[in-house]
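**Q** Could you look at this predicted model? Sequence included:
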Amino acid sequence: MPRPNSIGLETPALEIPAGKDYITDFAADAWELTDRMPKMVFIERDGNRKEVEAPVGLSVLEIAHRNEVDIEGACEGSLACSTCHVIVDPDWHERLPEASEDEEDMLDLAFDLQRTSRLGCQLIITEEMDGLTVRLPGDTRNMLLE
């Protein structure tokens, strides 16, 4: 049944069924129209492989925190520490964007630095990174506490 709006025009009333969340449902429907969500693998310190969903646009650090992977990220992704240091699988390393000079400077402070080391806060997931595998180093060095 039409009803007047704030400027006096009649508009149809929208009835929303109880328990229906149109924003969430729309997002889910839109996602179904695209390819599946990318995934990535964390190899934890104990060797356990943890495959998780990796939403496009989030950093490896954010994905780790969402999935209870033990990465500290003391500076909360502001590129001011090396506690989100991850070791990228060699098959993936050359496929990723190069590290910035600032990232390389922070990596110099990382524990167990490897040729394929990166900071998780600087690796932003794209669709092309579906299947990315990273290993957590044996330990981290938090210069903020030293």
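**A** Sure thing, it's come through.
**Q** Quick check on K39: phi, psi?
**A** Main-chain torsions, K39, degrees, to the nearest 10: phi -120, psi 160.
**Q** burial count for it?
**A** Taking other Cβ atoms under 10 Å as the criterion, the count of residues near K39 is 15. For every residue, glycine as well, the C-beta is placed using N, CA and C.
**Q** Pull up the gap between it and C84, please.
**A** 19 Å (Cβ to Cβ, to the nearest Å).
**Q** what do you get for G120?
**A** For G120, the distance to C84 - Cβ to Cβ - is 4 Å.
**Q** where do the contact lists of these two overlap?
**A** 60-61, 64, 71, 73 (Cβ atoms under 8 Å, 6 or more residues apart in numbering).
**Q** so C75 touches C81, yeah?
**A** Yes. Between C75 and C81 there is a contact at 4.3 Å, judged by Cβ atoms under 8 Å.
**Q** So those two - more neighbours on which side?
**A** C81 (24 against 19).
**Q** Look up phi and psi at I63.
**A** phi -70, psi -40.
**Q** again, but for V52
**A** phi -140, psi 160.
**Q** Contacts only, for it.
**A** So V52 contacts 39-42, 63, 66-67, 69 (Cβ under 8 Å, 6+ apart).
**Q** bridging residues for it?
**A** M40 (DSSP bridges).
**Q** how far away is it from G73?
**A** V52 sits 16 Å away from G73, going by Cβ to Cβ.
**Q** Show me which positions of the one helix or strand M106 maps to end up buried.
**A** Using DSSP states H and E, M106 sits within helix 101-107. In terms of neighbour count (16 or more other Cβ atoms under 10 Å), helix 101-107 has its buried residues at 103, 106-107.
**Q** Same check on stretch 44-57?
**A** 52, 54.
**Q** for that stretch, how far is the first residue from the last?
**A** 23 Å (Cα to Cα, to the nearest Å).
**Q** Tell me the gap between that stretch and the middle of its chain.
**A** Averaged C-alpha coordinates place stretch 44-57 at 10 Å from its chain's average position (Cα atoms, centre = their mean, to the nearest Å).
**Q** Tell me where this structure has helices.
**A** All helices of the chain, identified by DSSP state H, fall at 22-33, 60-66, 90-93, 101-107.
**Q** where's M40 relative to A74, distance?
**A** 22 Å.
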